[in-house]
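Participant: requesting a structural model of the entry that follows:
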Amino acid sequence: MSTTLQHRRRTPAETDGDALARDATTCPDCAESLVEGQGLVTCTDCRWVGSYR
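Facilitator: Presented below is the predicted three-dimensional model:
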């Protein structure tokens with residue numbers, strides 16, 4: 001039997017904290033460098049994930 005996992009869609013209010021200004025270069029949680037790829041931004045140190053506004 002296969003099971004499909006579905007993630008709950010996040011409301012705009014929930015995602016606002018995960019959006020960064022376009023010129024941000026440091027993680028908002030730990031101040032380490034960010035890595036950008038395919039529309040997402042992530043911190044390799046604390047694993048924070050977000051996107052640019």
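Participant: quick one: low-confidence parts of this protein?
Facilitator: The chain contains residues with pLDDT under 70 at 1-18.
Participant: tell me where it has helices.
Facilitator: For the chain, applying DSSP state H gives helices covering 12-15.
Participant: now the strands for it?
Facilitator: Under the criterion DSSP state E, the chain contains strands at 19-20, 34-37, 40-43, 49-52.
Participant: what helices and strands are in contact with the last one?
Facilitator: What that stands for is strand 49-52. Packing contacts for strand 49-52, counted by 3 or more Cβ pairs under 8 Å, 6 or more residues apart in numbering; DSSP states H and E, involve strand 19-20, strand 40-43. C-beta coordinates here come from the backbone N, C-alpha and C atoms, glycine included.
Participant: with the first one instead?
Facilitator: Counting contacts by 3+ Cβ pairs under 8 Å, 6+ apart, strand 19-20 is packed against strand 49-52.
Participant: what lines up beside the strand it packs on in the sheet?
Facilitator: Paired strands of strand 49-52, with direction, are strand 19-20 (parallel), strand 40-43 (antiparallel) (DSSP bridges).
Participant: what lies in contact with it?
Facilitator: 17-22, 24, 28, 36, 39-43 (Cβ atoms under 8 Å, 6 or more residues apart in numbering).
Participant: ok, now stretch 20-37?
Facilitator: 41, 42, 43, 44, 45, 46, 48, 50, 51, 52, 53.
Participant: so what's residue 53 up against?
Facilitator: Residues in contact with residue 53 (Cβ under 8 Å, 6+ apart) are 19, 20, 21, 22.
Participant: kindly reformat those residues as JSON lines containing distance to residue 32 and neighbour count.
Facilitator: Shown next, in JSON lines, are the contacts of residue 53 (distance: Cβ to Cβ, whole Å; neighbours: other Cβ atoms under 10 Å):
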{"residue": "19", "distance to residue 32": "18", "neighbour count": "14"}
{"residue": "20", "distance to residue 32": "14", "neighbour count": "18"}
{"residue": "21", "distance to residue 32": "17", "neighbour count": "7"}
{"residue": "22", "distance to residue 32": "19", "neighbour count": "7"}
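Participant: can you get me the start-to-end distance on stretch 21-33?
Facilitator: By Cα to Cα, to the nearest Å, the extent of stretch 21-33 from end to end equals 14 Å.
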